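**Q** quick one: sequence and predicted model below, then my questions.
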Amino acid sequence: MIKKTLFLAIAFAVGSASLAAAQDAPRPVHEGPSVSIPVDQISFFGSGVKTDKGELQAGPAYGDLQHGRHGTFIHMPAGFVSPVHTHTEDYFAVVIKGVGANQLPGGKIIPLAAGSYWFQKGEEAHVTQCLSKEDCVFFIVQPGKFDYVPAK
């Protein structure tokens, strides 16, 4: 009887402590209101990054790529090959349309079809390109602002 009472007391104390900790846990930070944006309503603008194939276009989904944390669609012309460059912040990318690639300078080119993913470490020189005959669209997420720093 004493063992059962002791067990119940311990179980109650642990359960109460867990409940109190859960109530004190920080609340999640939300990005803003829920939205749905059809693909034909994404507003793209010039990024300033250009080659003979054209200019990268950026289409914001959330946040502001020029000032901080963001999720942004990147439209890359077919055949576009970026000069070697870096970004200050890490970024995560998913191929939405076309076949792209992202590799270290002189590294193996791995074709990334729609649905593929890559992670780019900040401050690491790399090349990004659209391998397909159709334009590419990527979706990138960065914890800070987007920058494009040509490699030296």
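**A** Here it is on my side, so go on. Since this is a predicted model, take the numbers as computed values, not measurements. Numbering: from 1, shown residues only.

**Q** how much space separates Val99 from Asp52?
**A** 20 Å (CB to CB, to the nearest Å). C-beta coordinates here come from the backbone N, C-alpha and C atoms, glycine included.

**Q** the two: which is more packed in?
**A** Each of Val99 and Asp52 has its neighbours counted (other CB atoms under 10 Å); Val99 has more, 18 against 8.

**Q** can you tell me the helix or strand for the closest residue to that one other than its chain neighbours?
**A** Distances taken as CB to CB, 6 or more residues apart in numbering place Ser132 nearest to Val99, at 4.1 Å, with adjacent residues excluded. Ser132 belongs to no helix or strand when assigned by DSSP states H and E.

**Q** got a list of what Ser132 touches?
**A** With contact taken as CB atoms under 8 Å, 6 or more residues apart in numbering, Ser132 is in contact with 78, 98-100.

**Q** which single one of the residues you listed is nearest to Val29?
**A** Among the contacts of Ser132, Gly100 lies closest to Val29 (CB to CB), at 31.1 Å.

**Q** that closest one: what's it in contact with?
**A** 76, 111-112, 116, 128-132, 136, 138.
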